[in-house]
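*Asks:* Provided below for reference: sequence and predicted model.
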Amino acid sequence: EPEVTQTPSHQVTQMGQEVILRCVPISNHLYFYWYRQILGQKVEFLVSFYNNEISEKSEIFDDQFSVERPDGSNFTLKIRSTKLEDSAMYFCASNRQGVYQETQYFGPGTRLLVL
Amino acid sequence: AQKVTQAQTEISVVEKEDVTLDCVYETRDTTYYLFWYKQPPSGELVFLIRRNSFDEQNEISGRYSWNFQKSTSSFNFTITASQVVDSAVYFCALGGGSNYKLTFGKGTLLTVNP
């Protein structure tokens, strides 16, 4: 069964450094998402992306964050200058249609630790 | 604004007990969808069920069942004859309106002891 994959599974970085989290959505999916989960807390929406544009973003998704689909398979989340509070699990998700009736399938997550 | 409340932070049961996880939601949308996801200790999010707002039929899948009550804005999840492998955090989520995003509850940590 097709899966969303994410790399790396874990990343440790120093405060102020840039990080890029990578995702490979399911191949026939057109809508892509990033969510984050601070340890022990709920999963929070960051951004949705379709047709090479951001469809919606939350207030968490400030100028330090950016997303890109650099080629036909990858979907990336960049954090320009990481802060301690960016430490979280970051989940990528995708679905074929951007409506909620299409289940969003989540990747296994990237655990980011900012020191 | 959409909101999902999972009032039970943690539940602990003994294997073979039945357990119900509560989910209450708030939305102004007339069309919306409700979801349950499971997050085992390994951390991934596993889709369990999707239910639309027009379908109030209860659903059963093996040991899992879901009770959708629009009148009380609840979408509760019952595990029958729980097993140790059911130990996980369970999230209820809501999607609707023109948004693409899912709004999650805070999750319920279920521990099933042998």
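*Replies:* Sure thing, it's come through.
*Asks:* Quick check: residues of chain B near chain A?
*Replies:* Along chain B, the residues adjacent to chain A under the rule CB under 8 Å from any CB of the partner chain are B:32-33, B:35, B:37, B:42-45, B:47, B:50, B:52, B:91, B:93, B:95-96, B:99-107. Glycine gets a C-beta too; all of them are placed from N, C-alpha and C.
*Asks:* Those in strands, which ones?
*Replies:* Among those, DSSP state E puts B:32-33, B:35, B:37, B:47, B:50, B:52, B:91, B:93, B:95-96, B:103-104 in strands.
*Asks:* Just the buried ones from the residues you listed, in PyMOL syntax?
*Replies:* PyMOL command restricting those to the buried ones, with burial defined by 16 or more other CB atoms under 10 Å in any protein chain shown:
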select buried, chain B and resi 32+33+35+37+50+91+93+95+96+103+104
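*Asks:* With respect to residue A:48, which of the ones in strands among the residues of chain B next to chain A is nearest?
*Replies:* The closest of those to residue A:48 turns out to be residue B:95 (CB to CB; 11.0 Å).
*Asks:* what's the closest of the ones in strands among the residues of chain B next to chain A to chain A?
*Replies:* residue B:95 (3.0 Å; CB to the nearest CB).
*Asks:* what bridges to that closest one?
*Replies:* Taking DSSP bridges, one finds residue B:33 as the beta-bridge partners of residue B:95.
*Asks:* what distance separates the helix or strand of chain B with the lowest mean pLDDT from the centre of its chain?
*Replies:* Counting by mean pLDDT, DSSP states H and E, chain B has its least confident helix or strand at strand B:59-61, which shows a mean of 85. Strand B:59-61 sits 13 Å away from the centroid of its parent chain (CA atoms, centre = their mean, to the nearest Å).
*Asks:* Show me what secondary structure element comes after it.
*Replies:* As assigned by DSSP states H and E, the chain's next helix or strand after strand B:59-61 is strand B:64-69.
*Asks:* so what strands line up beside that next one?
*Replies:* Next to strand B:64-69 in the sheet, as set by DSSP bridges, lie strand B:59-61 (antiparallel), strand B:74-79 (antiparallel).
*Asks:* Please identify the deepest-packed of the ones you listed.
*Replies:* Most buried of these, by mean neighbour count (mean count of other CB atoms under 10 Å in any protein chain shown): strand B:74-79, with a mean of 19.
*Asks:* and that strand, what's its mean pLDDT?
*Replies:* For strand B:74-79, mean pLDDT is 96.
*Asks:* who touches it?
*Replies:* Applying CB atoms under 8 Å, 6 or more residues apart in numbering or on different chains, the contact partners of strand B:74-79 are B:18-25, B:34, B:36, B:48-49, B:51, B:63-69, B:86, B:90, B:92, B:110.
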